[in-house]
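Asker: Sequence and computational prediction follow.
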Amino acid sequence: MVFQQIWGSLIMDSLLDALQEGRLIELPDNDKQDSLQLLAHIIEAIPSVPNGTDVAGLVLKREDNYNTTLGKGFAVPHARGSFDGDLYCAVGWSPSGINYGTPDGNPVHIVIMFLVPDNQRSSYLKEVSILAKALNELHDENNLKSASDLNTVRNYLLDLVTSAKSIVGPEARARMIQLEVRENLPQVERQNIANLLIEPITIITSATLKPITLGQNKELIDLLESSQNLAESLNNNNKFFDYSGWRVLKRNLSIYQAGRTVYECIAIKIK
């Protein structure tokens, strides 16, 4: 029983945490870059992730050189961090599928993005290795294609994590225990971000008028429209900016007559 608890807790532990702590979202569209940016900003919003960690930049740079698909509708992009801490991930579900540039041309429906601190590289490799084996032996791609809501996807992934324990052989379990003993690192308190807020917003700027924000969250609208430098923040070359606890991700912009610019954005915050 003790043996079972030791190795069982190591089976895709960070994926299980993400599913339990609210880091599974439905992706708003099927654009690869937009999806990766959104998942990266969710990881950046975890309180224990060091400030200034550019997960989005690191992931997108790596994707320029490597395609991180595992096949069967899954992709596992990651960013490496030059610090010690927990292995974190965020999960995105695309109902229609993302054109991920896979060798077989099939769309990706599940994106599991990892942040890999220096002390978690071995754990990350083992987790991805187990996930790849689980997909090969246990996963039925049609189950995701027919999923109609996020709760169905969450339950399916939870079942996949649970079933993965049955395919890990004794030698792999022994290596996991050795790894756990060798690292013997202090535990970092896990952060629950089940109260994550994700708000789609549209911001209209012009050369002569104050910016106008359109959205469903009145508190967020009032906050942004009271900012003295909202237009400046939008016009800079960064893909996002932070304001009063919100991270605003700029996804698209359109330029119109009379100097008006329309920004399609997503705002992220932990309550």
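Answerer: Cool, got the structure.

Asker: Would you map the strands across the stretch 51-200 of the chain?
Answerer: 69-71, 74-75, 78-81, 88-98, 108-117, 196-205 (DSSP state E, counting those that start in this stretch).

Asker: deepest of those strands, which one?
Answerer: With neighbours taken as mean count of other Cβ atoms under 10 Å, those reach their highest mean count in strand 108-117, at a mean of 25. C-beta: built from backbone N, CA, C; applies to glycine.

Asker: Adding distance to Gln37 and mean pLDDT as columns, could you present the strands of the stretch 51-200 of the chain in TSV?
Answerer: Listed next are these as TSV, based on distance: least, Cβ to Cβ, whole Å; pLDDT from 0 to 100:
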stretch	distance to Gln37	mean pLDDT
strand 69-71	18	87
strand 74-75	14	92
strand 78-81	12	92
strand 88-98	11	93
strand 108-117	10	94
strand 196-205	13	85
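
Asker: could these be laid out in JSON lines, adding distance to Glu225?
Answerer: Shown next, in JSON lines, are the strands of the stretch 51-200 of the chain (distance: least, Cβ to Cβ, whole Å):
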{"stretch": "strand 69-71", "distance to Glu225": "41"}
{"stretch": "strand 74-75", "distance to Glu225": "37"}
{"stretch": "strand 78-81", "distance to Glu225": "33"}
{"stretch": "strand 88-98", "distance to Glu225": "29"}
{"stretch": "strand 108-117", "distance to Glu225": "32"}
{"stretch": "strand 196-205", "distance to Glu225": "9"}
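
Asker: Distance from the chain centre to stretch 249-258, please.
Answerer: In terms of Cα atoms, centre = their mean, to the nearest Å, the centre of stretch 249-258 is found 25 Å from the chain centre.

Asker: Give me the residues contacting it.
Answerer: 34, 37-38, 41, 206-207, 234, 239-240, 261-268 (Cβ atoms under 8 Å, 6 or more residues apart in numbering).

Asker: If we use 6 Å, what do you get?
Answerer: Asp34, Gln37, His41, Lys239, Phe240, Thr261, Val262, Tyr263, Glu264, Cys265, Ile266 (Cβ atoms under 6 Å, 6 or more residues apart in numbering).
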